[in-house]
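>>> With the input below, show me the fold.
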Amino acid sequence: MMGENFLRLKEIANTIIPYEITLMTHYDGQEDSIEMRGKNLNISVINENSQFDYQIKLSDEKGLAVTIPCNGVEIIEEYRNTDRLIIEIYLFVHEGIARMTVKGKEVIITNTDTDIKYSNLIIEAKGCRNCEAMKDTEAIIGYQNGNLNADIMFIAEAPGPRGADLTGIPLHGDVTGNNFEKLLSSTKWTRSDVYITNAVLCCPTDETGKVRSPTKQEVTNCHPYLARIIELVNPKVIVTLGKKALEALKEIETHQLLLKEDVGTYTKWNNRWLYPLYHPSPQVINTKIRTMSQQRIDFGQLDHNFRMRISKGLEPINYQKGEKE
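Numbers count the residues shown, from 1 in each chain. The predicted structure is shown next:
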């Protein structure tokens, strides 16, 4: 029974988009409570050694994160109303117990080939321990990444420690995520229209805990997951954000593109259009490597080319090279 509850907990973490989480703890005679509310809450199961020894991580868009070590779990009750779900869960902690109430929207997973493959991919990626430096982290992949039928896919470098690694949502929750959302809002797309992921799915840090760029080996280790994501979503346009994301695609199918020379231009790659852009990080924007104004133009040209040309089967115009319609 405990095994079934554990599997259901992992399923909840992968398929529920919470808008309210309440945690009541009873430990060593003391009681405490935490409430999280908002659009971008996240539940993840991390550091899993066995089905009786794991941790649950709760986080919100403001950067609050709570980790609960558990020796067991029991799903008490589930209340459904259309796609809305309320779940009552007991968590068995050392010399204590916690009661967690989750209210959220349930992602309805059908038995289509895409949904089955994506659900399996989520489980495999979150259980991956191929990178020694990231063996205690969890891949940021799930239904909050976006639309599995998206025509536009964004690929950044890796989850940020103050952003996606806390919220569980790529390019969200930190300054870079805010910049990206401003750029996306300058188009007619929302997050539900596109799919967003990273070249490396876990947050890379050094031995002191400071964030760093992923190594070439880490990119190599993660590229099979990226290749499967691209195959499943099958976008018409892939937008890489930054040099590392552009180079990561060479692990899947080679290309000769250089970000500095080919930014904002379209190239056929792996039977789809590849549109490399700079990363919307404060380092890039504040040092004027690619200003926010320039990046808005890049996104505007992406939006225009897709709607007026690519979606109609026409080749895109490379405005950066002076091409005219």
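>>> Tell me which residues of stretch 249-259 come out buried.
Buried positions in stretch 249-259, judged by neighbour count with 16 or more other Cβ atoms under 10 Å: L249, E251, H255, L257, L259. For the C-beta atoms, the positions are set from N, CA and C on the backbone; glycine is no exception.
>>> That one spans what distance, first to last residue?
Between the opening and closing residues of stretch 249-259 there is a gap of 13 Å (Cα to Cα, to the nearest Å).
>>> Likewise for stretch 186-193?
One end of stretch 186-193 to the other measures 14 Å (Cα to Cα).
>>> can you list contacts of that stretch?
Stretch 186-193 is contacted from outside by G146, N147, A150, I152, E181, L184, R296, F299, G300, L302, D303, R307, using Cβ atoms under 8 Å, 6 or more residues apart in numbering.
>>> re earlier: show me which pair in the buried residues of stretch 249-259 is furthest apart.
Within those, E251 and L259 form the most distant pair, 16.3 Å apart (Cβ to Cβ).
>>> Find the nearest non-adjacent residue to T240, please.
By the measure of Cβ to Cβ, 6 or more residues apart in numbering, the closest residue to T240 outside its immediate chain neighbours is L246, 4.3 Å from it.
>>> Contacts only, for the one you found.
Contacts for L246 (Cβ under 8 Å, 6+ apart) come out as T240, L257, L259, P276.
>>> In contact with the last one, which residues are there?
P276 makes contacts with V239, T240, L246, L257, L259, D262, V263, G264, T265, as judged by Cβ under 8 Å, 6+ apart.
>>> Make a markdown table from those residues and add secondary structure and pLDDT to it.
Converted to a markdown table, those look like this (DSSP: H, G, I helix; E, B strand; the rest coil; pLDDT from 0 to 100):
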| residue | secondary structure | pLDDT |
| --- | --- | --- |
| V239 | strand | 98 |
| T240 | strand | 98 |
| L246 | helix | 97 |
| L257 | coil | 96 |
| L259 | helix | 96 |
| D262 | helix | 95 |
| V263 | coil | 96 |
| G264 | coil | 95 |
| T265 | coil | 95 |
